[in-house]
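In: Provided below are the primary sequence and the corresponding predicted coordinates.
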Amino acid sequence: MSTVLITGASSGIGAQLAKDYAADGWQVIACGRSPEKLHQLAMVSERITPLAFDVADHQATLDALGDPSIRPSLIILNAGTCEYIEHGEVDVALFRRVFDVNFFGVLNCLEALQPRFTETTHVAIVGSTAAYVPLPRAEAYGASKAAVRYLIHTLKLDLARDGVTFTLVSPGFVKTPLTDKNDFEMPMRVSTDYASDKIRKGIAKRKSEVHFPSVFSGFLKLVSLLPVSLQLAIIKRMTGKS
């Protein structure tokens, strides 16, 4: 029986993925910071096993995922956070908080699980369409997701001969408790059901990248191919910063 490990499963995309994979017959190891929310999630299906820890805590992650009995064939590193800066004023503490979850949280999980990688292991890491182009106030979030994008592509090179495969997931806006805090218009925001469906189908096909919604993400990918000066001009016009 196939096992999937999902981080950030306490809510949002991660919780939806856990429910859907369980419904599809997978054994699910649902990871998150909130024991209470994970317990509620586990009540949905006997196939869901909760595992509470903070991916930003290196030692806690090693302890939680170091159990040799944890051998998922599919790993979805979905845990993430977002904080915005104002007027371009750099706040190092804010950057550290965002990177500790979005980037170092991924590394912590990979370090803990990598000794049990096999030629059938598939790793999906959730990045963001924010990594495609510069966006206002998203210096910390966008930079952390750009780092994830670079990381996964280099891991593809170094682990290809071991048979380990990777999928980069680049969502646009998804309706979650995280995006509910945003104070700006979020074009083409989709539901967690939609996101889970796209992610699961893309992973099943072992796609190199899954990005959605296609019109929104495709447009940003096209913009990313332009010279930076044109990228900035387009983004300024789109966001009213011109």
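Out: Here it is on my side, so go on. Numbering: from 1, shown residues only.

In: pull the longest helix from the protein.
Out: Longest helix in the chain by number of residues, with DSSP state H as the criterion: helix 139-159.

In: That helix: what's the following helix or strand?
Out: Per DSSP states H and E, the first helix or strand lying C-terminal to helix 139-159 is strand 165-171.

In: ok, residues contacting that next one?
Out: With CB atoms under 8 Å, 6 or more residues apart in numbering as the contact definition, strand 165-171 has outside contacts at 13, 78, 121-129, 131-132, 148-149, 152-153, 155-156, 159, 190, 195, 199, 202-203, 206-212, 217. Using the backbone N, CA and C atoms, a C-beta is placed for each residue, glycine as well.

In: Now the buried members of those residues.
Out: Listed as buried from these are 13, 78, 121-129, 131-132, 148-149, 152, 155-156, 159, 190, 195, 199, 202-203, 207, 209-212, 217; burial here means 16 or more other CB atoms under 10 Å.

In: Where helices are concerned, which of these count?
Out: Counting by DSSP H, the part of those found in helices is 13, 148-149, 152, 155-156, 159, 195, 199, 202-203, 217.

In: Can you lay out those residues as CSV showing pLDDT?
Out: As requested, these are arranged in CSV below (pLDDT from 0 to 100):
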residue, pLDDT
Ile13, 97
Val148, 98
Arg149, 98
Ile152, 97
Leu155, 97
Lys156, 95
Leu159, 94
Ala195, 97
Ile199, 98
Gly202, 98
Ile203, 98
Ser217, 96
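
In: Turn those into JSON lines, columns for distance to Leu225.
Out: Listed next are these as JSON lines, based on distance: CB to CB, whole Å:
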{"residue": "Ile13", "distance to Leu225": "27"}
{"residue": "Val148", "distance to Leu225": "20"}
{"residue": "Arg149", "distance to Leu225": "15"}
{"residue": "Ile152", "distance to Leu225": "20"}
{"residue": "Leu155", "distance to Leu225": "24"}
{"residue": "Lys156", "distance to Leu225": "21"}
{"residue": "Leu159", "distance to Leu225": "28"}
{"residue": "Ala195", "distance to Leu225": "25"}
{"residue": "Ile199", "distance to Leu225": "25"}
{"residue": "Gly202", "distance to Leu225": "22"}
{"residue": "Ile203", "distance to Leu225": "26"}
{"residue": "Ser217", "distance to Leu225": "13"}
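
In: Looking at the residues you listed, spot the one nearest Val228.
Out: Checking these against Val228 with CB to CB, the nearest one is Arg149 at 16.7 Å.

In: List the contacts of the closest one.
Out: Listed by CB under 8 Å, 6+ apart, the contact partners of Arg149 are 127, 131, 168, 170.

In: Which two among those are spaced furthest apart?
Out: When the contacts of Arg149 are compared pair by pair using CB to CB, the two farthest from each other are Ala131 and Leu168, 9.1 Å apart.

In: Common neighbours of those two, please.
Out: Common contacts of Ala131 and Leu168 (CB under 8 Å, 6+ apart): 148-149.

In: Flag the shaky bits of this structure, pLDDT-wise.
Out: Per-residue confidence of the chain (counting by pLDDT under 70) places the weak regions at 241-242.

In: again, only using 80
Out: Screening the chain residue by residue with the criterion pLDDT under 80, one finds the ranges 1, 241-242.

In: Now do the longest helix of the chain and strand 165-171, the angle between them.
Out: For helix 139-159 and strand 165-171, the angle between their directions (axes from the mean of the first three to the mean of the last three CA atoms, to 10 degrees) works out to 160 degrees.

In: Just the C-alphas of helix 139-159, formatted as PDB.
Out: Backbone C-alpha positions of helix 139-159 (Å, rounded to 0.1, in the frame of the first residue of the first chain) are rendered in PDB as follows:
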ATOM      1  CA  GLU A 139      10.300  40.400  -1.200                       C
ATOM      2  CA  ALA A 140      10.500  37.800   1.600                       C
ATOM      3  CA  TYR A 141       7.900  35.400   0.300                       C
ATOM      4  CA  GLY A 142       8.900  35.600  -3.400                       C
ATOM      5  CA  ALA A 143      12.600  35.200  -2.600                       C
ATOM      6  CA  SER A 144      11.900  32.100  -0.400                       C
ATOM      7  CA  LYS A 145       9.900  30.500  -3.200                       C
ATOM      8  CA  ALA A 146      12.500  31.400  -5.800                       C
ATOM      9  CA  ALA A 147      15.100  29.700  -3.600                       C
ATOM     10  CA  VAL A 148      12.800  26.600  -3.500                       C
ATOM     11  CA  ARG A 149      12.500  26.700  -7.300                       C
ATOM     12  CA  TYR A 150      16.300  26.800  -7.700                       C
ATOM     13  CA  LEU A 151      16.800  24.000  -5.100                       C
ATOM     14  CA  ILE A 152      14.400  21.600  -6.700                       C
ATOM     15  CA  HIS A 153      15.900  22.000 -10.100                       C
ATOM     16  CA  THR A 154      19.400  21.400  -8.800                       C
ATOM     17  CA  LEU A 155      18.300  18.300  -6.800                       C
ATOM     18  CA  LYS A 156      16.900  16.900 -10.000                       C
ATOM     19  CA  LEU A 157      20.400  17.100 -11.500                       C
ATOM     20  CA  ASP A 158      22.200  15.500  -8.600                       C
ATOM     21  CA  LEU A 159      19.700  12.800  -7.700                       C
END
